[in-house]
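In: Fold the following for me, if possible:
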Amino acid sequence: MSHHHIDVRYVANLARLELTEEEITEFQPQLDAILGYVDTLTKLDVSGIDPTAHPSPVFGRMRDDEPHESLPPESLLQNAPDQAQGQVRVPKVVTDA
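Out: Purely as a prediction, here's the structure:
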């Protein structure tokens with residue numbers, strides 16, 4: 001599968017970028033090289049490889065949502081802006097109907 005030439009001016013216009021002529025002449029070979037590399041990757045045989053979302057296994061992303069036992073309850077509220085009876089107080093946000 002051969003890649004088609006993609007014009008840097010066209011891509012810059014889609015991205016709403018204003019490029020100088022110097023930038024266009026610098027970026028065009030880079031874009032062509034990237035597309036050439038993609039062509040190289042499309043030639044690889046990946047028929048025996050399972051698709052993955054991560055290159056390595058992901059374990060323990062989420063911890064159990066449990067209270068921390070070693071801290072006393074009053075220390076958990078020390079940064080609360082307003083508190084009463086061991087609870088965080090918040091302003092009323094519902095008006096009477």
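In: tell me which helix or strand of the protein sits lowest on mean pLDDT?
Out: In the chain, the helix or strand scored least confidently by mean pLDDT, DSSP states H and E is helix 73-76, which has a mean of 69.
In: Name the next helix or strand following it along the chain.
Out: Heading C-terminal from helix 73-76, the first helix or strand you meet, by DSSP states H and E, is strand 83-84.
In: Can you list the neighbours in contact with that following strand?
Out: Residues outside strand 83-84 that contact it (C-beta atoms under 8 Å, 6 or more residues apart in numbering): 77, 89. Bear in mind the C-beta positions are built from the backbone N, C-alpha and C, glycine included.
In: Okay, now the sheet partners of that strand, with direction.
Out: As defined by DSSP bridges, the strand partners of strand 83-84 come to strand 87-88 (antiparallel).
In: What lies in contact with the strand it pairs with?
Out: With C-beta under 8 Å, 6+ apart, strand 87-88 has contacts from 77, 80, 82.
In: Pick the one among the residues you listed closest to D32.
Out: For the contacts of strand 87-88, the closest approach to D32 (C-beta to C-beta) belongs to A80, at 57.9 Å.
In: pLDDT score assigned to that closest one?
Out: Looking at A80, its pLDDT reads 83.
In: Quick check: beta-bridge partners of the closest residue to it other than its chain neighbours?
Out: Distances taken as C-beta to C-beta, 6 or more residues apart in numbering place V88 nearest to A80, at 4.5 Å, with adjacent residues excluded. For V88, the beta-bridge partners are Q83 (DSSP bridges).
In: mind listing what's buried in the longest helix that the chain contains?
Out: Ranked by residue count under DSSP state H, the longest helix found in the chain is helix 21-42. Residues Q28 are the ones in helix 21-42 that count as buried (16 or more other C-beta atoms under 10 Å).
In: So for stretch 40-55, first residue to last residue, what's the gap.
Out: From the first residue to the last, stretch 40-55 extends over 20 Å; the measure is C-alpha to C-alpha, to the nearest Å.
In: taking the mean pLDDT, what do you get for it?
Out: Per-residue pLDDT over stretch 40-55 has a mean of 86.
In: Done for today, thanks.
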